[in-house]
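Asker: Quick one: sequence plus predicted model below, questions after.
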Amino acid sequence: MKDDLSLMGTVLRIERTSIHDGAGLRTVLFLKGCPLQCSWCSTPESQCRAPEKGYDAGRCMGCGRCVASCPAGALHLSSEVSKVSKVSVDQTKCSRCFLCVVKCPHRAWKQYGSIMTVEEVIKEISKDEIFFFHSGGGVTVSGGEALSQVDFTAAVLRACGRRGIPAALETSCYAPWGEMEKILPFLQNLYVDLKLMDRDLHQQWVGVDNSLILDNIRRIDQSSHPVEIMVRIPLIPGLNDSDDNLAATGAFCRSLKKLKGIEILPYHRLGKETYSHLGRDYAFKKLLPPSPAWILERAGFLAGQKPGVPVYVNGNEVA
Ligand code: SF4
Ligand code: SF4
């Protein structure tokens, strides 16, 4: 099939020289758009498919330049200058031109995401080919959920494959099987989140039930695609840390032939500020990050379930 280099997608950002998302040095392509609503999500700016803007009231000096430059008349200076917000926005009028981002001298506005072609993305990725070659790295496509832009993702991965760039995908596996099949031929590594094994709890905390996710992982494992699977567990205190959930996770992992390891991703609150910049509420604002001792104890419990593969925390194997 011909590369479709003119296909457009919504890119959140491209990060270089990552050492956490696959072998060697990785260039990570973060795409926008996700069909899940994980209550603890640390990248709320990745959930909406369209580019959007955030406002940091702490940086805003109330100078009014953004208000004057907005062609849609969507911005207004608050009559009362407060720490909470000096500028208000009428989202129904905003045309997402992002002039306010450009005009603000204090970087109080920030743009999350931009439209790029496959060709533009490949041009960026190709700048790092020398690092891929020397480190054994490659490209990792992440999200949001990359499968929510499946044709764009497939075109990027196909173009990478033609250049000999190894590819990995970070995904929830929440997509129809036909869409998974469009991607699998281009992948060497798959990183998949296993958030909760109980179907009802998954529905409650993630917004969808987990049947499709578990089915897809099983089908990938039984397929002829020689992809290596790594399971990732975002470990959230009081939500998916119970003995029952970790034992069920261990049993599921034990059944997978292509599984190479399990990574524990401890809960953190790095995305908290972004919720406020987007004008959204952070559901877990009272939940504190767990202690290293607690994380190790829970990881040790999972390893004790004999999942058949190593369990890692922060890159270190748990005994
Ligand atoms: S993105 Fe454009 S239309 Fe929307 S508030 Fe900013 S300047 Fe106005
Ligand atoms: S241009 Fe920046 S500093 Fe000035 S009012 Fe707008 S957001 Fe605030």
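Answerer: Yes, it's here. Numbering: from 1, shown residues only. Ligands and ions are numbered 1, 2, ... in the order given.

Asker: which residues does the residue in the stretch 201-319 of the chain that ligand 2 sits nearest to contact?
Answerer: Residue nearest to ligand 2 within the stretch 201-319 of the chain: residue 277 (11.6 Å; Cβ to the nearest ligand atom). For the C-beta atoms, the positions are set from N, CA and C on the backbone; glycine is no exception. Residue 277 sits next to 54, 55, 56, 110 when contact means Cβ atoms under 8 Å, 6 or more residues apart in numbering.

Asker: Over to residue 261?
Answerer: Contacts of residue 261 (Cβ under 8 Å, 6+ apart): 230, 231, 309, 310, 311, 312.

Asker: With only the CA atoms kept, save the helix or strand hosting it in CSV.
Answerer: Using DSSP states H and E, residue 261 maps to strand 259-266. Output of strand 259-266 as CSV, limited to C-alpha atoms (Å, rounded to 0.1, in the frame of the first residue of the first chain):
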residue,chain,number,x,y,z
LEU,A,259,3.7,-11.1,27.5
LYS,A,260,7.2,-10.0,28.4
GLY,A,261,6.6,-8.1,31.6
ILE,A,262,4.3,-6.0,33.8
GLU,A,263,5.0,-2.5,34.7
ILE,A,264,3.4,-0.8,37.7
LEU,A,265,2.8,2.9,37.1
PRO,A,266,2.2,4.5,40.5
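
Asker: Direction included, what does that strand pair against?
Answerer: Neighbouring strands of strand 259-266 in its sheet, by DSSP bridges, are strand 228-235 (parallel), strand 311-313 (parallel).

Asker: Please compute how far the shortest one lies from its chain's middle.
Answerer: The gap between where strand 311-313 is centred and where its chain is centred comes out at 20 Å by Cα atoms, centre = their mean, to the nearest Å.

Asker: Please apply the same query to the longest one.
Answerer: Averaging C-alpha positions (Cα atoms, centre = their mean) puts strand 228-235 13 Å from its chain's average.

Asker: just the CA coordinates of it, formatted as CSV?
Answerer: The C-alpha coordinates for strand 228-235 follow below in CSV (Å, rounded to 0.1, in the frame of the first residue of the first chain):
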residue,chain,number,x,y,z
GLU,A,228,5.8,-8.4,22.2
ILE,A,229,3.3,-7.3,24.8
MET,A,230,4.0,-5.4,28.0
VAL,A,231,1.1,-4.8,30.4
ARG,A,232,1.0,-1.6,32.3
ILE,A,233,-1.0,-1.1,35.5
PRO,A,234,-1.7,2.5,36.7
LEU,A,235,-1.8,1.7,40.4
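
Asker: In this structure, where is pLDDT below threshold?
Answerer: Low-confidence segments of the chain (pLDDT under 70): 1-3, 79-84.

Asker: In it, spot the strand with the most residues.
Answerer: strand 8-18 (DSSP state E).

Asker: Can you spell out which helices and strands pack onto that strand?
Answerer: strand 26-31, strand 114-117, helix 118-126, helix 150-162 (3 or more Cβ pairs under 8 Å, 6 or more residues apart in numbering; DSSP states H and E).

Asker: Out of the contacts of residue 261, who's the most crowded?
Answerer: residue 311 (26 neighbours; other Cβ atoms under 10 Å).
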